[in-house]
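Novice: 3D model of this:
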Amino acid sequence: MPPVLYTFRRCPYAMRARWAILVSGVEVQMQEVSLRNKPAAMLAASPKATVPVLVVSDGQVIDQSLDIMLWALGQHDPEQWLEPVGSDPKEMLELINACELDFKPYLDRYKYPTRYQSEWAPSAAASGLAEQEKAFSDLNFAKAHRFLEQLAQQLAQAPALSGQKLALADYAIVPFIRQMARHDRPRFKDSMVPALTMWMDRLLAQGSFEAVMKKPPGTSE
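Specialist: This is a model prediction of the structure:
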């Protein structure tokens, strides 16, 4: 029986895990999860209770998306995602980690400010709840934008985040940039240098991404 990946189509963490698995060619059974009714087998395998979760044939559980990518590519890496040209693998992993620390928390607060209402800081210029919500969202947009500026600077020097060819960092990070862009595309486009937008669009136009995002049979999302 092949390994099982518990996934959710629109989750950026699950996207990047599925993408690496697809490109690696490793046989994995995809199980789409309803976030309102998570399967008992997934919850038993991983206490974190969030996708993605990979249960390997020998019972090993891998429940971090980057580790799933490395697992798949470690078996077969036909596009050499693990071999950046222009930087070393350690630098590539550090950039992916920076996305987790310096971008994703602010992205979440920009997109979902009401989830973090306890963090709102009322100001004289934002006295009402709607104004406070907008001020908080705008503040976190600005903080997330700093990471995007860093990426744009790198892309001004080379066509990919790790140098001369697309590699693991590009595929691991772009689902989160896509998430921000889709929240308010005009604002994203107006605030970013063309190099970053072109890089994102280039990756998302790949046939492999289209395959990764194909709706599972019987789903409406």
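Novice: any low-confidence regions in this structure?
Specialist: Across the chain, the ranges flagged by pLDDT under 70 are 123-127, 218-221.
Novice: what residues go with each domain of it?
Specialist: Here the domain parsing of the chain from automatic domain parsing is 4-78, 89-206.
Novice: show me how far the last one is from its chain's centre.
Specialist: Relative to its chain's centre, domain 89-206 lies at 11 Å (CA atoms, centre = their mean, to the nearest Å).
Novice: using CSV, lay out the domains of the chain together with distance to Val212.
Specialist: The way it works is simple: take the backbone N, C-alpha and C, and place the C-beta from them, glycine included. Formatted as CSV, the domains of the chain follow (distance: least, CB to CB, whole Å):
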stretch, distance to Val212
domain 4-78, 5
domain 89-206, 9
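Novice: how about JSON lines for those, with mean neighbour count added?
Specialist: Shown next, in JSON lines, are these (neighbours: other CB atoms under 10 Å):
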{"stretch": "domain 4-78", "mean neighbour count": "18"}
{"stretch": "domain 89-206", "mean neighbour count": "17"}
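Novice: so which of the ones you listed comes closest to Pro217?
Specialist: Closest approach to Pro217 among these is made by domain 4-78 (9.2 Å; CB to CB).
Novice: now do the same end-to-end measure for the closest one.
Specialist: End-to-end distance for domain 4-78: 22 Å, by CA to CA, to the nearest Å.
Novice: and it, how far out from the chain's middle?
Specialist: Distance of domain 4-78 from the chain centroid (CA atoms, centre = their mean) equals 14 Å.
Novice: elements contacting the longest helix seen in the chain?
Specialist: When the chain is scanned for its longest helix (criterion: DSSP state H), the result is helix 129-157. Packing partners of helix 129-157 (3 or more CB pairs under 8 Å, 6 or more residues apart in numbering; DSSP states H and E): helix 89-102, helix 104-111, helix 168-183, helix 185-191, helix 194-204.
Novice: got these as a markdown table, with distance to Val28 columns?
Specialist: Listed next are these as a markdown table, based on distance: least, CB to CB, whole Å:
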| stretch | distance to Val28 |
| --- | --- |
| helix 89-102 | 21 |
| helix 104-111 | 25 |
| helix 168-183 | 17 |
| helix 185-191 | 32 |
| helix 194-204 | 21 |
